[in-house]
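# I would like to see how this sequence folds:
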Amino acid sequence: MALLDSITAPSDLRALSKPQLEQLADEIREFLVRSVSRTGGHLGPNLGVVELTMAIHRIFDSPTDPIIFDTGHQSYVHKLLTGRRAGFEKLRQQGGLSGYPSREESEHDWVENSHASTSLSWAEGMAKAFQLRGVDRHVVAVIGDGALTGGMAWEALNNIAAEPDLPLVIIVNDNGRSYTPTIGGVANHLSALRTSRTYEQTLGIIKRGVSKAPLVGKPTYDMLHGIKTGIKDILAPQSMFSDLGLKYVGPIDGHDLASLELALHRARDFGGPVIVHCITQKGKGFRAAEENEEDQFHSVGKIDAVTGVPLATSVQATWTQAFAEEMVRIGADRDDVVAITAAMLHPTGLARFAAAYPDRTFDVGIAEQHAVASAAGMASAGLHPVIALYATFLNRAFDQLLMDVALHKLGVTIVLDRSGITGSDGASHNGMWDISLLGLVPGLRLAAPRDQERLVQALRAAIDVDDAPTVVRYSKERLPDPIPAVATKDGIDILLASRDPEVLVVGHGQFVGLALEVGHRLIEQGIGVRVVDPLWSLPINPGLVSLAGQHRLVVTVEDNVVVGGAGDQLAQALRAVDVQVPVMDFGIPDDFLPHASRNELLDSLGLSAQQISRTVIEKHAKLTGSTSSSEQELHA
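Numbers count the residues shown, from 1 in each chain. Predicted coordinates:
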């Protein structure tokens, strides 16, 4: 029987010999490659933390000692060591394991951490609470994969340094990367720590050489020792941590179990906060990942377990690819356009722009707040920044967008990839709040294009706005086929119109295709329909308000929460001008969604053409007093 099969709890690790631990590490890597290649997931980060996670669980007593992963995509090995091996068959699938820590899955998961740079704040608060309650526990925070480039981590460190007795161990998993190599001063500092032996070597030379000098040797060395802080500042990069008042241990080989355990044991017994700096290799043990220069298999779909080659290919372009191509063309036309990414150059499609215009591309690390505020500064000085983010991460920079960009009436464009339901990464990664949040920002314009042509038009229009923020949002899904308009009125594209339309169906973005399906189903039931795409979802076009007033019923379909969404705002606009037409807004409920495929989630939420049509037909029947269609007709 494989050793991994015998591991059901962290305590099982403590009885293993050194050869057995090495065998277990090999088995874990083999399991991860075999399993994740079938389901997709965060493979590279977890291959890099095998020995580190084993050492943590041998030294600390989980779940009594909470282990907080930042970000949680590094927790696969932790899941294996806490009895969840069987669940990997359905990793990130409906009813299976989450790709992040999950409190529903295990008592060993304290925090469902999936947005970066938050672990130190969580850990500081937990350690402080245990201390105040007189509970003897340690808290372990595992931070890395670029998370130290986030400002929130340094806010936490600033406070941790002021609490010298806090029972907190901070493990820096330093693989030099987030999605791609980390950048900036913090990354450069960690790089120096990885490579510098100058400090200890130089102090040794000084001590041996100066102390031997007759008569003056000892006093001279004592004087030099008295100014050791100055020497450290020059020769020892780790002085940054010690200057904060934090105990620093490392750098340590993150794949050497004996060294890791010794360092963690000392950190645990120190009696205050300690930083343990571990050097790991992302993708370790899987040659295809190690040699992948783009992201070392940070996150993969289904792949060949030997070669790493993707098993699923598609000739249909993605929204991200379409954005990437157009940005390069825009860059050629407008030398004032610059691009900003928050550690996601390749995932957001900005790598092509960076290759063409490296001096006009800025990767700020996992620092969305800084990205938006920095963009405000650029815009005020004559540039037009385009910031590409995943929609879920814009939540973190709302204040900067509101107060630094909108208040100052600055032309900054934000492009939101992965908007709407994304599915497999769970509640935290669905980009389903942006329309509701952005509807609060005065002057902001938001476009949700329905196809590539409309995406190009929206981007071009957005960068022409120099006195307000603009946003373009699109889905994770493949680009749909072109959806032509049959007419355009007041800036609104009419996509389908039957005789004597009673129902106006308004589609937004990726859901325009769904709106058209609903429209066709209603026409089949003898209901007059007009289907439109407003092109710009925010602010509500007065022409859309006027058009809505010409119908008996308005239906809106959007890939955003219904509370405060585009449909909700249209209803408010109608009430404001005393237009008494009912609005049925179909979208995502105001709740956190479980991980599942996008289609599974849409079906469970009633967001299919069949389910929406049935509800609309029943509402129409009540409004008109007509007899509703038979169940057979409704299911046609």
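
# only C-alpha atoms, please: export the helix or strand hosting S35 in CSV.
Secondary structure assignment for S35, by DSSP states H and E: helix 18-39. Once non-C-alpha atoms are left out, helix 18-39 reads as follows in CSV (Å, rounded to 0.1, in the frame of the first residue of the first chain):
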residue,chain,number,x,y,z
LYS,A,18,13.1,10.2,7.1
PRO,A,19,13.1,7.7,4.1
GLN,A,20,9.3,7.4,4.5
LEU,A,21,8.8,11.1,4.5
GLU,A,22,10.9,11.4,1.3
GLN,A,23,8.8,8.6,-0.2
LEU,A,24,5.6,10.4,0.8
ALA,A,25,6.7,13.6,-0.8
ASP,A,26,7.3,11.8,-4.1
GLU,A,27,3.9,10.1,-3.8
ILE,A,28,2.1,13.4,-3.1
ARG,A,29,3.7,14.9,-6.3
GLU,A,30,2.8,11.9,-8.4
PHE,A,31,-0.8,12.1,-7.0
LEU,A,32,-1.1,15.8,-7.7
VAL,A,33,0.1,15.5,-11.3
ARG,A,34,-2.1,12.5,-12.0
SER,A,35,-5.2,13.9,-10.3
VAL,A,36,-5.1,17.6,-11.2
SER,A,37,-4.2,16.8,-14.9
ARG,A,38,-7.7,15.2,-15.0
THR,A,39,-9.7,17.9,-13.3
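
# tell me how far that helix lies from the chain's centre.
Relative to the chain's own centre, helix 18-39 is displaced by 26 Å; criterion: Cα atoms, centre = their mean, to the nearest Å.

# after that helix, next one along is what?
Once the chain leaves helix 18-39, the next helix or strand it forms, by DSSP H and E, is helix 43-47.

# that next one - contacts with which helices or strands?
Contacts of helix 43-47 with other secondary structure elements, assessed using 3 or more Cβ pairs under 8 Å, 6 or more residues apart in numbering; DSSP states H and E, are made with helix 18-39, helix 287-290. For the C-beta atoms, the positions are set from N, CA and C on the backbone; glycine is no exception.

# show me where the stretch 51-200 of the chain has its strands.
Counting by DSSP state E, counting those that start in this stretch, residue ranges of the strands within the stretch 51-200 of the chain are 67-70, 139-144, 168-174.

# quick one: which of those is nearest L345?
Smallest distance to L345 across the strands of the stretch 51-200 of the chain (Cβ to Cβ): 18.7 Å, for strand 139-144.

# I'd guess V405 is in a helix, am I close?
Yes - per DSSP: H, G, I helix; E, B strand; the rest coil, V405 lies within a helix segment.

# that older thread, buried ones in the helix holding S35, by neighbour count?
Along helix 18-39, these residues count as buried under the neighbour rule (16 or more other Cβ atoms under 10 Å): 21, 24-25, 27-29, 31-33, 35-37, 39.

# can you check stretch 548-566 too?
In stretch 548-566, the ones that count as buried by 16+ other Cβ under 10 Å are 548, 551-562, 564-566.

# identify those among the residues you listed that sit within strands.
In strands, defined here by DSSP state E, the members of those are L553, V554, V555, T556, V557, E558, D559, N560, V561.

# adding mean pLDDT, write the helices and strands packed on helix 43-47 out as JSON lines.
Formatted as JSON lines, the entries for the helices and strands packed on helix 43-47 read as follows, by pLDDT from 0 to 100:
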{"stretch": "helix 18-39", "mean pLDDT": "88"}
{"stretch": "helix 287-290", "mean pLDDT": "70"}
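
# so which of those helices gets nearest V441?
With respect to V441, and counting by Cβ to Cβ, the nearest of those is helix 18-39 at 38.3 Å.

# so what does the closest one touch, helix or strand wise?
For helix 18-39, the packing partners by 3+ Cβ pairs under 8 Å, 6+ apart come out as helix 43-47, helix 50-59, helix 76-81, helix 257-269.

# report the angle between it and helix 257-269.
Counting by axes from the mean of the first three to the mean of the last three Cα atoms, to 10 degrees, helix 18-39 lies at 90 degrees to helix 257-269.

# who's in contact with helix 18-39?
Residues from elsewhere that reach helix 18-39, judged by Cβ atoms under 8 Å, 6 or more residues apart in numbering: 2-4, 7, 13, 16, 42-43, 46-47, 50-51, 54, 76-77, 80, 85, 88-93, 257-258, 284-286, 300, 302-305.

# which of those residues are buried?
Listed as buried from the contacts of helix 18-39 are 3-4, 7, 13, 16, 42-43, 46-47, 50-51, 54, 76-77, 80, 85, 88, 91-93, 257, 284-286, 300, 303, 305; burial here means 16+ other Cβ under 10 Å.

# follow-up on the earlier one: now the ones in strands among the buried residues of stretch 548-566 as CSV including distance to D585?
What follows is these, written out as CSV (distance: Cβ to Cβ, whole Å):
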residue, distance to D585
L553, 12
V554, 9
V555, 8
T556, 5
V557, 8
E558, 7
D559, 12
N560, 10
V561, 10
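
# nearest to D467, of the residues you listed?
When these are compared against D467 (criterion: Cβ to Cβ), the nearest one is N560, at 25.6 Å.

# and that closest one, how far from A573?
Here the distance between N560 and A573 works out to 17 Å (Cβ to Cβ, to the nearest Å).

# export the helices and strands packed on helix 43-47 as TSV, with columns for distance to D585.
Shown next, in TSV, are those (distance: least, Cβ to Cβ, whole Å):
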stretch	distance to D585
helix 18-39	35
helix 287-290	44
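
# figure out which of the ones you listed is closest to A351.
When the helices and strands packed on helix 43-47 are compared (using Cβ to Cβ), the closest one is helix 287-290, at 18.8 Å.

# using PDB, write out the CA atom coordinates for that closest one.
Provided in PDB are the C-alpha atoms of helix 287-290 (Å, rounded to 0.1, in the frame of the first residue of the first chain):
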ATOM      1  CA  ARG A 287       9.400  18.700 -15.700                       C
ATOM      2  CA  ALA A 288       6.700  20.200 -18.000                       C
ATOM      3  CA  ALA A 289       5.800  22.700 -15.200                       C
ATOM      4  CA  GLU A 290       9.400  23.500 -14.200                       C
END
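
# tell me the helices and strands packed up against that helix.
When contacts are defined as 3+ Cβ pairs under 8 Å, 6+ apart, helix 287-290 packs onto helix 43-47.

# contacts for the helix it packs on?
Outside of helix 43-47, the residues that reach it under the criterion Cβ under 8 Å, 6+ apart are 29, 32-33, 36-37, 73-77, 145, 175, 282-286, 289, 292, 295-300.

# how about stretch 578-588: buried residues?
V579, V581, V583, M584, D585, F586, G587, I588.

# start to end distance for that stretch?
27 Å (Cα to Cα, to the nearest Å).

# before we move on, back to that, nearest to R450, of the helices and strands packed on helix 43-47?
Distances from R450 to each of the helices and strands packed on helix 43-47 were compared using Cβ to Cβ; the minimum, 31.2 Å, belongs to helix 18-39.
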